[in-house]
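Asks: Provided below for reference: sequence and predicted model.
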Amino acid sequence: DVKVTQSSRYLVKRTGEKVFLECVQDMDHENMFWYRQDPGLGLRLIYFSYDVKMKEKGDIPEGYSVSREKKERFSLILESASTNQTSMYLCASSFSSGRFLSYNEQFFGPGTRLTVL
Amino acid sequence: KQEVTQIPAALSVPEGENLVLNCSFTDSAIYNLQWFRQDPGKGLTSLLLIQSSQREQTSGRLNASLDKSSGRSTLYIAASQPGDSATYLCAVRPTTSYDKVIFGPGTSLSVIP
């Protein structure tokens, strides 16, 4: 069974704090993703990583950065948290289409509900 | 630009009823389509993945179909149960996106005992 874990289910931070969200997958997936989910806006891609140290901006990267030093771990960093970053953050992983052209099913972690006060 | 829609946004049915959820996409150039379930406050659980060359996939009481040429997929749930209550999302992987997918907004399903 694929397992994607996220470091916290709930997190409360103050405006201006630096926040780290960690995601770990155990299926040797090349791809890892960070999304945020807000009511009425659906799932939006923040960043995508297709290999160690490789990253690509998604639709809403402003205010975020990422780090992927090891294949199994993908971190999302809020450099200076703001109240508009209060959201549900979801991590996902999948095989690369370079390995399995069509079979790159995405698997999600349980999510981190972040509140910025 | 690929867009994915799901209608209706919300659906309420009595227990035991068979039901169909719809997913539409604007560009037929996709590698696959995936259906997910999301319980309130939780992550997404993958239900079914249909390759572009396939017409349908089945898992237990779930059957997903894909008509790529018309840009439609349906998720059929047989003999619905209260435990099926959740939000159902579909996502397509465009051939131009290199492994990124585009999600629909979801259909919120409520199965009434």
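Replies: Thanks, I have it.

Asks: so, low pLDDT: which residues of chain B?
Replies: For chain B, no stretch is flagged by pLDDT under 70.

Asks: contact partners for residue A:60?
Replies: Residues near residue A:60 by Cβ atoms under 8 Å, 6 or more residues apart in numbering or on different chains: A:36, A:44-46. (Glycine included, C-beta is placed from N, CA and C.)

Asks: give me the secondary structure label for residue A:50.
Replies: strand (DSSP: H, G, I helix; E, B strand; the rest coil).

Asks: show the pLDDT at it.
Replies: pLDDT for residue A:50: 92.

Asks: and for it, the neighbour number?
Replies: 19 (other Cβ atoms under 10 Å in any protein chain shown).

Asks: tell me which stretches of chain B form strands.
Replies: With strands called from DSSP state E, chain B shows them at B:4-5, B:10-14, B:19-25, B:30-38, B:44-51, B:56-59, B:62-67, B:72-77, B:86-94, B:102-103, B:107-112.

Asks: could those strands go into a markdown table alongside distance to residue A:88 and mean neighbour count?
Replies: Shown next, in a markdown table, are these (distance: least, Cβ to Cβ, whole Å; neighbours: other Cβ atoms under 10 Å in any protein chain shown):
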| stretch | distance to residue A:88 | mean neighbour count |
| --- | --- | --- |
| strand B:4-5 | 20 | 18 |
| strand B:10-14 | 19 | 12 |
| strand B:19-25 | 22 | 19 |
| strand B:30-38 | 10 | 23 |
| strand B:44-51 | 11 | 19 |
| strand B:56-59 | 26 | 13 |
| strand B:62-67 | 25 | 18 |
| strand B:72-77 | 23 | 20 |
| strand B:86-94 | 12 | 23 |
| strand B:102-103 | 14 | 22 |
| strand B:107-112 | 15 | 17 |
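
Asks: for residue A:8, find the nearest of those.
Replies: Nearest of these to residue A:8, taken as Cβ to Cβ: strand B:44-51 at 17.8 Å.

Asks: now do that closest one: which elements does it pack against?
Replies: On a contact count with 3 or more Cβ pairs under 8 Å, 6 or more residues apart in numbering or on different chains; DSSP states H and E, strand B:44-51 meets strand A:107-108, strand B:30-38, strand B:56-59, strand B:62-67, strand B:72-77.

Asks: one more time with 7 Å
Replies: strand B:30-38, strand B:56-59, strand B:62-67 (3 or more Cβ pairs under 7 Å, 6 or more residues apart in numbering or on different chains; DSSP states H and E).
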